[in-house]
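K.L.:
Turn this into a structure:
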Amino acid sequence: MSAAGLDHVSHVPPQARDGTPVAVLLHGRGSDMRDLQGLQRLLPEGMPLVTPQAPHPGLPWGYGPGWAWYRYVAEDRVEGASLEASLAALDAFLDGLPSILPVRPGPVVLGGFSQGGTVSLAYALRRPGKVAAVLNFSGFLLHDSLLDVTAEAAAATPVFWGHGIHDPAIPHALGERGRTRLRAAGADVTTSDPPIGHWIDPQEMREAVAWVGERVGG
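P.N.:
Residues are numbered from 1 along each chain as shown. Alright, predicted model coming up:
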């Protein structure tokens, strides 16, 4: 574990300054903290990228040698205890960002792929206003028995939701279900639907970065 509670990898460009927005990106199921560092080349010049590692070993749940943010059940349902543990760990990690970065972090853009996207959405809706924006790539919105999307929470954080139309792991229709629910609660949701499967397309990421520039700056 790091001083901030979760193992992590960080990339801080030499152009980074105090108050620069920081991207915190969460990997998917069965992966690790290094997985999304390859996206740093697509981020705005000077934006730090921090990629924490999920707290749950994936092997006991059949997810391979990597790590997981929660134990999956079916469709948009997950095991609540495993999710709550990750949200608490993420709380401590984000609070500890000043201790792991050489510059004072500005607004936090929280996002991720697959499980990481799902957890980013859940975190922002559970802690309205704690992060400046959410990037959800091919994740889903948790079943409403675990996540009551209030109007206050929906209005607090804009969401960029990218989801491949041909995603076999988390079907696009499941993503649409979550988008509809967010919009019904009044959320600011921007979407991208590339003709891909279960991965992040570079053009999709470029759209997300442009969106961050409009909503957050940097």
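K.L.:
for the longest helix seen in the chain, packing partners?
P.N.:
Ordering each helix of the chain by length in residues (DSSP state H) puts helix 80-95 first. The contact analysis (3 or more CB pairs under 8 Å, 6 or more residues apart in numbering; DSSP states H and E) places helix 80-95 against strand 22-26, strand 56-57, helix 115-126. (C-beta placed from N, C-alpha, C; glycine too.)
K.L.:
all strands for this structure, in order.
P.N.:
Taking DSSP state E, the strands of the chain run over residues 8-11, 22-26, 49-52, 56-57, 67-68, 72-74, 77-78, 108-113, 133-137, 159-162, 189-192.
K.L.:
which residues sit in contact with His143?
P.N.:
Counting by CB atoms under 8 Å, 6 or more residues apart in numbering, His143 touches Glu75, Asp76, Arg77, Val78.
K.L.:
separation between it and Gly178?
P.N.:
As defined by CB to CB, to the nearest Å, His143 lies at a distance of 10 Å from Gly178.
K.L.:
what touches both of those two?
P.N.:
Residues touching both His143 and Gly178 (CB under 8 Å, 6+ apart): Asp76.
K.L.:
on that earlier part again, so which of the contacts of His143 is surrounded by the most neighbours?
P.N.:
Neighbour counts for the contacts of His143 peak at Val78, which has 24 neighbours (criterion: other CB atoms under 10 Å).
K.L.:
Tell me who's in contact with that one.
P.N.:
Neighbour list for Val78: Tyr70, Arg71, Tyr72, Thr118, Leu142, His143, Leu146 [criterion: CB under 8 Å, 6+ apart].
K.L.:
Same question for Gln203.
P.N.:
With contact taken as CB under 8 Å, 6+ apart, Gln203 is in contact with Pro194.
K.L.:
Dump the strands of the chain into CSV; add mean pLDDT and distance to Tyr123 as well.
P.N.:
What follows is the strands of the chain, written out as CSV (pLDDT from 0 to 100; distance: least, CB to CB, whole Å):
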stretch, mean pLDDT, distance to Tyr123
strand 8-11, 97, 16
strand 22-26, 98, 9
strand 49-52, 98, 12
strand 56-57, 98, 16
strand 67-68, 98, 16
strand 72-74, 96, 17
strand 77-78, 96, 13
strand 108-113, 98, 6
strand 133-137, 98, 8
strand 159-162, 98, 12
strand 189-192, 98, 16
